[in-house]
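# mind looking at a prediction? Sequence and model below.
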Amino acid sequence: MNKFDILEPRTVSEAVEMLQRHGSAARPLAGGTDLMVAIKLKHLQPRYLINLKCVPDLDGISLHGGGLLIGALTRVADVATSDLVRRQYPMLASAAGELGSVQVRNVATVGGNLCNASPSADTVPALIALGAEARIVGPAGERFVQVESLFCGPGQTTLSQGEVLTHLRLPAPEPGSGGCYLKRGTRKSMDCAVVGVAAWLMSSQPGSVCGDVRIVLGAVAPTPLRAVQAEGSLQGQAMNETLWNQAGMLAASESRPIDDVRGTAAYRREMLRVLVPRAIEKAWSAALAGGWSGLPAGTLVKAK
């Protein structure tokens with residue numbers, strides 16, 4: 001492992017200044033579960049690590065304007081087990097509970113999981129489906145972007161030099177809405193997703209008609225992917241199994257998977273044809289049951 005210095009800013013402004021001053025020689029340190037592995041394997045060789053854990057008020061989960069505010073340094077384990085998240089955003093709690101092992105979740109942060117920009121990140125499809133927004137602070141001040149706009153390639157985000165992700169904001173849960181996250185891995189636990197699917201739907205009047213819908217695919221493109229054609233095939237339609245299967249076919253055609261050690265592109269497309277209809281069905285059941293209470297808080301539906 002190469003040698004590096006650890007710098008400890010006490011404010012976000014100090015962290016921004018350090019990152020800007022040291023440029024590409026510096027990396028922000030949150031949980032470090034991915035960063036330290038990359039350094040050990042010499043995939044990254046930074047000269048400085050900017051330890052964000054010394055900056056106060058960058059962790060925690062709280063109500064905000066009817067929605068939720070999550071600090072970027074909040075541990076993934078806290079997101080998975082939070083009563084507030086499990087009650088109002090069970091899809092996010094379920095996705096967080098799928099990340100790595102208990103040991104990893106107790107160190108990894110939700111902001112780090114986003115900024116690592118892995119196409120297979122477990123929390124990201126759920127956050128995008130829920131309409132989450134990222135607060136980013138940098139040399140030019142603060143800005144807010146939708147989480148789905150945060151990624152530009154594997155391991156690459158739209159953050160500029162010196163910018164820091166500080167918080168995530170989730171809008172208030174809509175009555176008559178429901179969500180579901182499904183993951184397919186090569187093992188039952190502690191594995192990256194071969195395919196991940198998050199579906200969020202809202203029922204409209206009459207109750208059998210689908211209103212707004214978001215379907216987000218993970219590990220099947222260079223970045224997390226909104227399946228817009230699949231979404232369009234459901235919006236305004238009376239829901240039925242035929243439509244769900246059609247949406248699965250459309251999502252598979254929209255995907256851009258690759259062959260790798262975890263699975264082939266063909267396998268990933270076939271899994272989308274299976275998982276997307278399942279996720280839609282579960283999310284729709286939750287929406288019809290009154291929204292977020294449709295699936296018991298924290299329920300995780302595993303792909304078999």
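Good, I have the coordinates. Residues are numbered from 1 along each chain as shown.
# just give the closest residue to residue 162, not the sequence neighbours.
residue 20 (3.4 Å; CB to CB, 6 or more residues apart in numbering). The way it works is simple: take the backbone N, C-alpha and C, and place the C-beta from them, glycine included.
# and whichever strand or helix holds the one you found, average pLDDT?
Using DSSP states H and E, residue 20 sits in helix 12-22. Taken as a whole, helix 12-22 carries a mean pLDDT of 97.
# low-confidence ranges in the stretch 201-304 of the chain?
Residue ranges of the stretch 201-304 of the chain with pLDDT under 70: 205-206, 290-304.
# okay, the closest residue to residue 156 other than its chain neighbours: pLDDT?
Spatial nearest neighbour of residue 156, excluding adjacent residues (CB to CB, 6+ apart): residue 117 at 5.7 Å. According to the prediction, residue 117 has pLDDT 93.
# so residue 117: helix, strand or coil?
The three-state assignment at residue 117 reads coil, by DSSP: H, G, I helix; E, B strand; the rest coil.
# next, the contact list for it, please.
150-151, 153-157, 223 (CB atoms under 8 Å, 6 or more residues apart in numbering).
# hmm, try it at 10 Å
Taking CB atoms under 10 Å, 6 or more residues apart in numbering as the contact definition, residue 117 lies against 34, 124, 150-159, 222-224.
# taking the residues you listed one by one, which sit in helices?
residue 124 (DSSP state H).
# just curious, which of the contacts of residue 117 is nearest to residue 89?
residue 124 (14.1 Å; CB to CB).
# ok, that closest one to residue 170 distance?
To residue 170, residue 124 is 13 Å away according to CB to CB, to the nearest Å.
# who has more neighbours, these two?
residue 124 (28 against 22; other CB atoms under 10 Å).
# how many other residues sit next to the residue nearest to that one when sequence neighbours are not counted?
Using CB to CB, 6+ apart and skipping the chain neighbours, the partner closest in space to residue 124 is residue 224 (4.9 Å). Neighbourhood size, residue 224 [other CB under 10 Å]: 28.
# same question for residue 241.
Residue 241: 10 neighbours (other CB under 10 Å).
# state the pLDDT value of residue 37.
89.
# give the contact list for it.
By CB under 10 Å, 6+ apart, the neighbours of residue 37 are 43-44.
# can I get stretch 266-284 in CSV? Just the C-alpha atoms.
Presented in CSV, the C-alpha positions along stretch 266-284 are these (Å, rounded to 0.1, in the frame of the first residue of the first chain):
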residue,chain,number,x,y,z
ALA,A,266,-27.8,-12.4,-22.1
TYR,A,267,-28.3,-13.7,-18.6
ARG,A,268,-28.8,-10.1,-17.2
ARG,A,269,-31.4,-9.4,-19.9
GLU,A,270,-33.2,-12.6,-19.1
MET,A,271,-33.2,-11.7,-15.4
LEU,A,272,-34.7,-8.3,-16.2
ARG,A,273,-37.6,-10.0,-18.0
VAL,A,274,-38.2,-11.9,-14.8
LEU,A,275,-37.4,-9.4,-12.1
VAL,A,276,-39.1,-6.2,-13.5
PRO,A,277,-42.6,-7.8,-13.6
ARG,A,278,-42.1,-9.2,-10.1
ALA,A,279,-41.0,-5.8,-8.8
ILE,A,280,-43.9,-4.0,-10.5
GLU,A,281,-46.4,-6.5,-9.0
LYS,A,282,-45.0,-6.1,-5.5
ALA,A,283,-44.9,-2.3,-5.8
TRP,A,284,-48.4,-2.2,-7.2
